[in-house]
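# What shape does this take:
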Amino acid sequence: MEAMWEEIKKRSGATLRSLPRRHSRTSSTPTLYPVSRRSLTQASLIEVLGEETSGEAEFVLLMENEKQIYVGVGSDHTDRKLEMFDIAWSKNICPNVISTELWSFENVLPHWDKSH
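Now for the predicted structure:
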């Protein structure tokens, strides 16, 4: 994970400064949380346990190898009660929906900071 983040920072330069802060209690932006492949889905309907889960629209970074990174859209579905104890676990306990369409990071990068 650290190698991927370093590669993204190296290839994007200062443009990542404008990325949203994911959690206010972190000191760096953005904060990336790895999720297991088994938690990723492109289903239109998901099942979760408990009543204290919710999702947030997020950008998704998928790494094929150290040189090929893709950007997609997803829902960071999280167990909010478990999040109080362990953020990483709370993000892996629920299915995480990702888009069926992806874009090459190289193609998205020139447009990353544009507001329209």
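
# In the stretch of helix or strand L61 belongs to, which residues are buried?
Taking DSSP states H and E as the definition, L61 sits inside strand 57-63. Judged by neighbour count using 16 or more other Cβ atoms under 10 Å, the buried positions of strand 57-63 are E58, V60, L61, M63. (Each C-beta comes from the backbone N, C-alpha and C, glycine too.)

# Just the closest of those to L32, please.
Taking Cβ to Cβ as the measure, L32 sits nearest to L61 out of these, at 7.3 Å.

# how near is the closest one to T78?
Relative to T78, L61 is positioned 17 Å away (criterion: Cβ to Cβ, to the nearest Å).

# do R38 as well
Counting by Cβ to Cβ, the gap from R38 to T78 is 16 Å.

# Compare the two (neighbour count), which wins?
Here R38 and T78 are compared on neighbour count by other Cβ atoms under 10 Å; more neighbours surround T78, at 23 against 8.
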